[in-house]
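Undergrad: Need coordinates for the below:
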Amino acid sequence: MPEEKIEPRYHVWFEGAQTGTYTVLDTATNKPTVLEKLPHKMAELLAEILNKP
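TA: As a prediction, this is how the structure comes out:
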């Protein structure tokens with residue numbers, strides 16, 4: 001039986017990593033949230049936590 005692929009609800013963009021600015025998009029509401037002055041490791045952890053099933 002093929003495993004069902006679950007799309008993550010949240011997408012975190014790391015383009016602003018040099019400035020510590022990250023964008024989190026909630027795909028359920030299509031609302032972006034901009035986080036500023038966030039350490040890169042915290043953004044990675046946030047992405048991991050938000051997308052846990």
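Undergrad: Quick one: neighbours of residue 43, just the number.
TA: 21 (other Cβ atoms under 10 Å). Every C-beta, even on glycine, is put in place using the N, C-alpha and C of the backbone.
Undergrad: Just the C-alpha atoms of the helix or strand of the chain with the lowest mean pLDDT, please, in CSV.
TA: Every helix and strand in the chain was compared by mean pLDDT, DSSP states H and E; the lowest is strand 10-16, with a mean of 85. Extracted in CSV, the C-alpha atoms of strand 10-16 (Å, rounded to 0.1, in the frame of the first residue of the first chain):
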residue,chain,number,x,y,z
TYR,A,10,3.3,25.6,7.3
HIS,A,11,6.1,26.7,5.0
VAL,A,12,9.1,28.6,6.4
TRP,A,13,11.2,30.7,4.0
PHE,A,14,14.8,31.2,4.9
GLU,A,15,15.7,33.8,2.2
GLY,A,16,16.2,36.5,4.8
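Undergrad: Beta-bridge partners for the residue positioned nearest the centre of the chain, please?
TA: Centroid check for the chain by Cα atoms, centre = their mean gives residue 12 as the closest residue, at 2.5 Å. Judged by DSSP bridges, the bridge partners of residue 12 are residue 24.
Undergrad: Please report the distance of it from residue 18.
TA: For residue 12, the distance to residue 18 equals 16 Å [Cβ to Cβ, to the nearest Å].
Undergrad: Please apply the same query to residue 47.
TA: 18 Å.
Undergrad: likewise residue 42?
TA: Per Cβ to Cβ, residue 42 is found 15 Å from residue 18.
Undergrad: Those two: who's more crowded?
TA: Between residue 42 and residue 18, residue 42 has the larger neighbour count (other Cβ under 10 Å), namely 12 against 8.
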